[in-house]
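Visitor: Fold the following.
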Amino acid sequence: MTALNRALLLSGSVALTTLTASPFAQAQQAPNGTLQVYGRLNTSVESAKIEGQSSVMGLQNNESFWGLRGQEDLGGGMQAGFILEHGFELDTGTNTDTSYFNRKSEVNLSGRFGMLRMGRMISEAYYATADVVNMHNFDTGSSADALYAWVSNGANHVSWQLPEYKGLTVELGTSLHEKQAEPAKNAWDLAANYELGDLTLGLGHNRWGAAEQTTVRAAYTTGPWTVAGYLQNSHGWDQANYQVDSSQRNRNMGRVAVQYTDGPSEYHLNVGHAGKVGGEDGTQATQWTLAYNYNFSKRTKLYALYTRVNNHEHASYQTGEQGVGFSSIALGMRHYF
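Guide: This next block holds a predicted model:
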């Protein structure tokens, strides 16, 4: 072996040792870590109509996203993890908005103390209440809940999920305003879920400056039937512009949904009603949806639905125009991976 060959062999051994010892290589080789790629593709062909205007036929994206989820076993009953989710427009392939991980971007640490989460996330108060009731298409697209008051700022969020106790889970979180989001107030999020056999209960509370909402929810399954509903009280929230507005007065609303399952088929009826805002006549609205789902598997389904929003003369839900209603008929497909 020549001196040159010995030098090349030695340098290659040093490089291989250095690469194997690098943090990246260790992360790839760690036997106690996991990494998962997942997502949802959800789109529908729809004919949508705003009262007084012509119908519009198009392809509608319904909250499609892809994500990364990882976890590492730290030993002693502790785990570190992360979630990154990017929402995109399936019909055009473009980003949903300017931020890349626009749905979720969090790092978490769990153990006997529960779970500590930090980053950007969707309100747990919403997941504990309205999300459970909107069963037909997971509260997405034109049939999404147009009446629920989203009093939430998911950015700069820190939350603590307490350990589960006899079917009860509780999570408390706050979104730090960092003197950027208006109003310059921390937003608060409280969620609780309780499982009692076929009956589940939920509570959600949000507060952000002058805006506040409280929602209670119940869901019950017996045989092929599932019945779910929630009641919400809110004030200080501008539904049309998704922002805090102290001039918005007190409002009550509720929603009831029924699902009947027959093999791969699901039949859905969903009705919501928003009451008077500050007791003013003509500010009420009703939204209802009829839907049918056919499940090819747990991951893939076809669906058809008809949804309608009826606004009274001073209500503008979904359309942004007072007294103007909305309707849509859709045929779509959803696939999880």
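Visitor: does Ser142 count as helix, strand or coil?
Guide: Here Ser142 takes the helix state, with states given by DSSP: H, G, I helix; E, B strand; the rest coil.
Visitor: From what I see, it and Ala330 are in contact.
Guide: Yes. The pair Ser142 / Ala330 is scored as a contact, 6.6 Å apart, by C-beta atoms under 8 Å. In short, each C-beta sits where N, CA and C put it, glycine included.
Visitor: what do these two both touch?
Guide: Here Ser142 and Ala330 have 46, 60, 307 as joint contacts, going by C-beta atoms under 8 Å, 6 or more residues apart in numbering.
Visitor: Just those residues: which are in strands?
Guide: Those of the shared contacts of Ser142 and Ala330 mapping onto strands are 46, 60, 307, per DSSP state E.
Visitor: Please name whichever of the residues you listed scores lowest on pLDDT.
Guide: Of all those, Gln60 has the smallest pLDDT value, namely 94.
Visitor: For that one, name its beta-bridge partners.
Guide: Per DSSP bridges, the residues bridged to Gln60 are Ser44.
Visitor: and it, how many neighbours?
Guide: Using other C-beta atoms under 10 Å as the criterion, Gln60 is surrounded by 19 other residues.
Visitor: how much space is there between it and Ala144?
Guide: Using C-beta to C-beta, to the nearest Å, one gets 11 Å for the distance from Gln60 to Ala144.
Visitor: what's the answer for Val227, then?
Guide: 20 Å.
Visitor: now, among the shared contacts of Ser142 and Ala330, which is nearest to Gly39?
Guide: Sorting the shared contacts of Ser142 and Ala330 by how near they are to Gly39, with C-beta to C-beta, puts Gln60 at the top with 17.7 Å.
Visitor: With distance to Phe82 added, can I get the ones in strands among the shared contacts of Ser142 and Ala330 in TSV?
Guide: Putting those into TSV (distance: C-beta to C-beta, whole Å) gives the following:
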residue	distance to Phe82
Glu46	35
Gln60	31
Thr307	36
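Visitor: quick one: terminal-to-terminal distance for stretch 187-203?
Guide: The first residue of stretch 187-203 is 17 Å away from its last residue (C-alpha to C-alpha, to the nearest Å).
Visitor: how far out from the middle of the chain is that stretch?
Guide: 16 Å (C-alpha atoms, centre = their mean, to the nearest Å).
Visitor: now do stretch 36-46
Guide: Remark: stretch 36-46 is offset 14 Å from the chain centroid, using C-alpha atoms, centre = their mean.
Visitor: Name the residues of it that are buried.
Guide: By neighbour count, and taking 16 or more other C-beta atoms under 10 Å as the criterion, the buried residues in stretch 36-46 are 39-44, 46.
Visitor: Specify which residue of Val227 and Ala144 has the higher count of neighbours.
Guide: Relative neighbour count places Ala144 above the other of Val227 and Ala144, with 18 against 15, counting by other C-beta under 10 Å.
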